[in-house]
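J.: Predicted model and sequence follow; I will ask about them next.
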There are 2 protein chains.
Amino acid sequence: MTLLERLQLTYPIIQAPMAGVSTPELAANVSNAGGLGSIGVGATDANGARAMIEDLRARTQRPFNVNLFVHSAPRPDRQREAEWLTILKPLFTEFGAETPKSLRVIYQSFADDDAMLATLVDLAPPVVSFHFGLPSPERIAALKDAGCVLLSTATNLAEAKLAKAAGMDAVVAQGFEAGGHRGMFDPTALDDCLGTLALTRLLVEHAGLPVIAAGGIMDGRAIAAVLDLGAVAAQLGTAFIGCPESSANDAYRQALQGEGALHTVMTKAISGRSARCLPNRFVAWAQQHGDTDCPDYPITYDAGKALNQAAQARGESGFGAQWAGQGAALSRSMAATDLIETLVTEMMALSGQD
Amino acid sequence: MTLLERLQLTYPIIQAPMAGVSTPELAANVSNAGGLGSIGVGATDANGARAMIEDLRARTQRPFNVNLFVHSAPRPDRQREAEWLTILKPLFTEFGAETPKSLRVIYQSFADDDAMLATLVDLAPPVVSFHFGLPSPERIAALKDAGCVLLSTATNLAEAKLAKAAGMDAVVAQGFEAGGHRGMFDPTALDDCLGTLALTRLLVEHAGLPVIAAGGIMDGRAIAAVLDLGAVAAQLGTAFIGCPESSANDAYRQALQGEGALHTVMTKAISGRSARCLPNRFVAWAQQHGDTDCPDYPITYDAGKALNQAAQARGESGFGAQWAGQGAALSRSMAATDLIETLVTEMMALSGQD
């Protein structure tokens, strides 16, 4: 049975999890339209995940995907955190806000979140995907025993081989074009910056397991292209941000339609890990001040979120985490069901043309 | 008449110019096999270009492409050049060579090379392509009057719009995956690092002229993919380095087959402009020492070539300019005619499968 058959997908289209942007409603509408909808629970705890999964399940009988962050434990470093806050202080001051006294580890990695594992084993979502790394063999076995199909992000061949060795059912080849967080297992390693086209071909030839292509894919032409590369499906994130079912706020939606969509930027300054986003005031600040000395993910994120909150309180939207991939300028605003139909129509038009 | 018809191409495959790697024999064999062969004359003068073009024309009756470097004039800066040589001195010393006393502008830009223009107008190659920027309207008009089809590299939408405004017949969308020199018109600008997939889609939708996709394309699957994206043809460079007709030396060919092919690097240290290459000793040195303070292209290249010569004299091949794209690990060694046939067979197998 192929991966697509196991997932009961009508179309080889996966809506990327996008923690903080996707919603159970978005995911359900994608799944109901014949794609694979996803939610990200990396920014919530086991109780939050349970609520989201139950909400999603109430909206669809079809398979869906639950994405987990499996980042290595951050190294707390009081001095570095204090220095980072000192650098940020003028920005907090500009918005009349107190600079935080200290920073917290705001998200727990699935690597050591027993409550999350118990919740997932209990609810058994049809698909579980991992970002930033792989959990222990015990956790993988527990999810497999629960019947979950397992996916992992890979940004290079070495990560894809680790995913295969760990028993993943497929890898998501995350090209450098992709919006949001780079899935690199080791954030301190040199990034080969492999583009979606090159990475997908490489993994299809050498990874030894099904490949889902991600990064810069915005329409049916690009989906057809990655299938030609040998991918079994395409994963699209940015293409779904404009859907009314996403939780993107107005500023984010407007920014996505602006000139900045042509110039997305990879920065660590928002969260502590490299992530691609629309250029805004905070990103411009980071390009000037550098982002190499920020605390580990997700400690930096605590500062970024506080700063964004302070800025928003004064009506400044340029400090939000407006993740977007390199194809952002091709984004559209339509309901998820219509978007899936449009993507499929574009794909079909191409095969007719061949 | 479509661009492909004007070029009389049997297949939508262009062999990238690759100055220093391509040869008239390679280009002729590609053209004779139904693709578009290219030579790069950016590293030679008008006399050298004449010899290459006449050699190529003697080998094929079919269209071919002659590529020119149209870089902005380097800013000579004696102090910066002296500092760069000081930094390199330990490497020259290691190979028992004198560090050069000063550095020269080793290549003339087509922007101000009247002899090159006269030669091209005289020989009227069927296709002329520009890299690093666009020549003056007068030069463009002279080449058009001579009957040349004109192409320009573009790494982003703004460059593609300039190319259209200047009357180019098509743009080569050079994705971040591509080996060799980034074609950015302004090397000091922030690089959006657009991948081949995202860039090709963007230009196809918004540039208003035919798009040739380049970067990471190694096989028929990838060619089919970029055609799906809306490109009229694919340009492959790295895929042709392994052909016996290229002028790549043994060390380069071996490196292309090694582990490093999975980890190409973008560096300025070799030439003074960002270029993607296989990792080697010089690249590793540049990653440690930084490459932001090197002199302008092609002044830095004078030092890089001297250093490589000194290293090679001692049997060390790790200082050469071993350009390669992100797909390098998929490279093959076969005659150009066989490679074209293989690429076409791979493409055809896919359309049958649809």
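T.: Sure thing, it's come through. Since we're looking at a predicted model, the values are computed, not measured.
J.: just the helices in the stretch 51-200 of chain A please.
T.: With DSSP state H, counting those that start in this stretch as the criterion, the stretch 51-200 of chain A has helices at A:78-94, A:114-123, A:137-145, A:157-165, A:196-206.
J.: Let me know which of these is tucked in deepest.
T.: Neighbour counts (mean count of other Cβ atoms under 10 Å in any protein chain shown) averaged over each of those peak at helix A:196-206, with a mean of 28. For every residue, glycine as well, the C-beta is placed using N, CA and C.
J.: Give the next helix or strand downstream of that one.
T.: Downstream of helix A:196-206, the next assigned helix or strand under DSSP states H and E is strand A:211-214.
J.: Parallel or antiparallel, which strands does that following strand pair with?
T.: strand A:170-174 (parallel), strand A:233-236 (parallel) (DSSP bridges).
J.: how far is that strand from where the chain is centred?
T.: 13 Å (Cα atoms, centre = their mean, to the nearest Å).
J.: got the CA coordinates for it in CSV?
T.: The C-alpha coordinates for strand A:211-214 follow below in CSV (Å, rounded to 0.1, in the frame of the first residue of the first chain):
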residue,chain,number,x,y,z
VAL,A,211,9.4,12.0,0.0
ILE,A,212,7.0,14.8,0.5
ALA,A,213,8.3,18.0,-1.0
ALA,A,214,7.9,21.4,0.8
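J.: now the strands paired with strand A:211-214 in TSV, with mean neighbour count?
T.: Below are those laid out as TSV (neighbours: other Cβ atoms under 10 Å in any protein chain shown):
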stretch	mean neighbour count
strand A:170-174	30
strand A:233-236	28
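J.: quick revisit: so which of the helices of the stretch 51-200 of chain A is nearest chain B?
T.: helix A:196-206 (3.4 Å; Cβ to the nearest Cβ).
J.: Between strand A:170-174 and the closest one, find me the angle.
T.: Between helix A:196-206 and strand A:170-174, the angle comes out at 150 degrees (axes from the mean of the first three to the mean of the last three Cα atoms, to 10 degrees).
J.: could you say what helices and strands helix A:196-206 packs with?
T.: Counting contacts by 3 or more Cβ pairs under 8 Å, 6 or more residues apart in numbering or on different chains; DSSP states H and E, helix A:196-206 is packed against helix A:157-165, strand A:170-174, strand A:211-214, helix A:220-228, helix B:196-206, helix B:220-228.
J.: Measure how that helix sits relative to helix A:220-228, angle-wise.
T.: 30 degrees.
J.: Tell me which of the helices and strands packed on helix A:196-206 sits nearest to B:Ala141.
T.: Proximity to B:Ala141 (Cβ to Cβ) singles out helix B:196-206 among the helices and strands packed on helix A:196-206, at 24.2 Å.
J.: that older thread, please produce CSV containing the helices of the stretch 51-200 of chain A, extended by mean pLDDT and distance to A:Ala306.
T.: Compiled in CSV, the helices of the stretch 51-200 of chain A are given as follows (pLDDT from 0 to 100; distance: least, Cβ to Cβ, whole Å):
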stretch, mean pLDDT, distance to A:Ala306
helix A:78-94, 96, 8
helix A:114-123, 98, 25
helix A:137-145, 98, 32
helix A:157-165, 98, 32
helix A:196-206, 98, 34
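J.: Make TSV from the ones you listed and add distance to B:Gly315 to it.
T.: Putting those into TSV (distance: least, Cβ to Cβ, whole Å) gives the following:
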stretch	distance to B:Gly315
helix A:78-94	45
helix A:114-123	56
helix A:137-145	47
helix A:157-165	31
helix A:196-206	32
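J.: show me where the stretch 251-354 of chain A has helices.
T.: Listed in chain order, the helices of the stretch 251-354 of chain A (DSSP H, counting those that start in this stretch) span A:281-289, A:299-313, A:336-353.
J.: Let's have these in CSV, adding mean pLDDT and distance to chain B.
T.: What follows is the helices of the stretch 251-354 of chain A, written out as CSV (pLDDT from 0 to 100; distance: least, Cβ to the nearest Cβ, whole Å):
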stretch, mean pLDDT, distance to chain B
helix A:281-289, 92, 8
helix A:299-313, 96, 21
helix A:336-353, 90, 5
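J.: tell me the most buried of those helices?
T.: helix A:299-313 (a mean of 21).
J.: With only the CA atoms kept, save that helix in CSV.
T.: Extracted in CSV, the C-alpha atoms of helix A:299-313 (Å, rounded to 0.1, in the frame of the first residue of the first chain):
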residue,chain,number,x,y,z
ILE,A,299,14.1,31.1,25.0
THR,A,300,14.6,33.9,22.4
TYR,A,301,11.0,33.4,21.4
ASP,A,302,9.8,34.5,24.9
ALA,A,303,11.5,37.9,24.3
GLY,A,304,10.2,38.1,20.7
LYS,A,305,6.6,37.4,21.8
ALA,A,306,6.9,40.0,24.7
LEU,A,307,8.3,42.6,22.2
ASN,A,308,5.5,41.9,19.7
GLN,A,309,2.9,42.3,22.4
ALA,A,310,4.4,45.6,23.5
ALA,A,311,4.5,46.8,19.9
GLN,A,312,1.0,45.7,19.1
ALA,A,313,-0.3,47.5,22.1
